[in-house]
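Visitor: Okay, predicted coordinates and the sequence, questions at the end:
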Amino acid sequence: MTQLTLAKALNAGLRHALADDEKVVLMGEDIGTLGGVFRVTDGLKAEFGAHRVVDSPLSEAGLIGTAVGLAYRGFRPVVEIQFDGFIYPGFDQIVAQVAKLHYRSRGTVKMPITIRVPFGGGIGAAEHHSESPEAYFAHTAGLRVVACSNPADAHLMIRQAIASDDPVLFFEPKRRYHVKGEVDLDASLADAPPMGVASTLTRGDDVTLVTYGALVQTARDAATAAAEDGVSIEVIDLRSLAPIDYAPVEASVRRTGRLVIAHEAGQQGGMGAEIAASITERCFEFLEAAPVRVTGHDIPYPPAKLERHHLPDLDRILDGVDRVLGRPNSLSGVEA
């Protein structure tokens, strides 16, 4: 095992993929000489050459379109979108071409494209640099959508995404890039859990808490804090947003009777709404209370000085737990 930051774990995973398959090509703005704005691709151009790690023009539509052409020719392109809010110029290519070509061609054409997207807030960035656009793509049939939350998963999941014949939107929580964790650099993909499988991180009996990305650690902190108050929380990291692995969530809710979903994106039309509806359909007779969503607010992402009020934090998640337990909370009008 090696201690690596999440960014370094991704770097190691990309290096592994480049070394294993000469058809893997990385493309993005400033990913080569600079190593990317978050240095995730640092050193890879020097190691594999400018024909494998390609600095592109500032054109997301051009990047995705080029990746489609490369995939047609048998390559496995990995595209970096520099910041989450920059993905929209490439949106048409992703939903109209990348997601459709396999289906449109009756399986003749494969689109083994991985699109890396640093996402979420918490880094004090400017406008368009702290978006959470995952629900747009989870809604699009033909795409796999995953989100890593820790270095070990980042290392394995990026390799799995690149090896997949399906197009993958790979969301990376940018405020977790510098958090360290144990990584097995020799881990075999054959022995690893599939990237579409959710992970139960903390066992509990009172409340099921479901999240992904940067909020996974916040959820684990909430479970620790709640335990001191006698509340047992089961924390599930979804890892995959399309498809969603509902089996562990369903099994947990059938036991706890209560569900809280947390994500940074706004509430309306978000992943939390889909999860709440699906679990209600599957577990209605087991629910002791309506599912609760703890999310970002339904506003454009605020300026850096205000983002701490926008992002779900420990207190807001614990308040959501109080709501689902029927305890005094911020909406009840009764002080704890």
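Guide: Structure's in. What do you need?

Visitor: Below-threshold pLDDT in the stretch 201-336 of the chain: ranges please.
Guide: Applying pLDDT under 70 to the stretch 201-336 of the chain flags residues 334-336.

Visitor: longest helix in this structure, by residue count?
Guide: helix 6-20 (DSSP state H).

Visitor: What average pLDDT does the next helix or strand after that one get?
Guide: With elements assigned by DSSP states H and E, the helix or strand that comes after helix 6-20 is strand 24-28. Taken as a whole, strand 24-28 carries a mean pLDDT of 98.

Visitor: got the buried residues for strand 24-28?
Guide: Across strand 24-28, burial judged by 16 or more other C-beta atoms under 10 Å covers 24-28. No exception for glycine: its C-beta is placed from N, CA and C like everyone else's.

Visitor: what angle separates that strand from helix 6-20?
Guide: Orientation check (axes from the mean of the first three to the mean of the last three C-alpha atoms, to 10 degrees): strand 24-28 against helix 6-20 gives 140 degrees.

Visitor: change the start of the numbering to 57 and stick with it
Guide: All set: I'll call the first residue 57, so the last point we hit is now strand 80-84.

Visitor: Which residues does strand 80-84 contact?
Guide: Residues outside strand 80-84 that contact it (C-beta atoms under 8 Å, 6 or more residues apart in numbering) are 70, 73-74, 92, 97, 100, 107-112, 119, 122-123, 126, 131-138, 172, 218.

Visitor: Those in strands, which ones?
Guide: 109-111, 132-136, 172 (DSSP state E).

Visitor: Just the buried residues out of the residues you listed, in PyMOL syntax.
Guide: To isolate the buried ones among these in PyMOL, judged by 16+ other C-beta under 10 Å, type:
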select buried, resi 109+110+132+133+134+135+136+172
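
Visitor: quick one: which two of the ones in strands among the contacts of strand 80-84 are the most distant?
Guide: Using C-beta to C-beta, the two most remote members of those are Asp111 and Arg132, lying 18.7 Å apart.

Visitor: Leu114 - how many residues pack around it?
Guide: Close neighbours of Leu114, defined as other C-beta atoms under 10 Å, add up to 11.

Visitor: Can you list the buried residues in the host helix or strand of His158?
Guide: Assigned by DSSP H and E, His158 belongs to helix 157-160. Buried residues in helix 157-160, counted by 16+ other C-beta under 10 Å: 157-158.

Visitor: so how far is that helix off the chain centroid?
Guide: 25 Å (C-alpha atoms, centre = their mean, to the nearest Å).

Visitor: which helices and strands does that helix pack with?
Guide: Contacts defined by 3 or more C-beta pairs under 8 Å, 6 or more residues apart in numbering; DSSP states H and E place helix 157-160 against no helix or strand at all.

Visitor: tell me the domain ranges of this structure?
Guide: 58-247, 255-381 (automatic domain parsing).

Visitor: hmm, back to that, I'd like the buried residues of strand 80-84 as TSV, with distance to Glu337 appended.
Guide: Output for the buried residues of strand 80-84, formatted as TSV (distance: C-beta to C-beta, whole Å):
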residue	distance to Glu337
Val80	40
Val81	42
Leu82	41
Met83	41
Gly84	40
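
Visitor: Among the residues you listed, which one sits closest to Asp301?
Guide: Nearest member of the buried residues of strand 80-84 to Asp301, counting by C-beta to C-beta, is Val80, at 26.4 Å.

Visitor: Skipping adjacent residues, who's closest to Asp222 in space?
Guide: Arg200 (5.0 Å; C-beta to C-beta, 6 or more residues apart in numbering).

Visitor: Return the residues in contact with that neighbour.
Guide: 217, 220, 222-225, 251-252, 296, 298-299.

Visitor: Can you tell me which of those residues are classed as buried?
Guide: By 16+ other C-beta under 10 Å, the contacts of Arg200 give 217, 220, 222-225, 251-252, 296, 298 as buried.

Visitor: Give me the next element, helix or strand, following the biggest strand by length in the chain.
Guide: In the chain, assigned by DSSP E, the strand with the most residues is strand 315-322. Downstream of strand 315-322, the next assigned helix or strand under DSSP H and E is helix 327-339.
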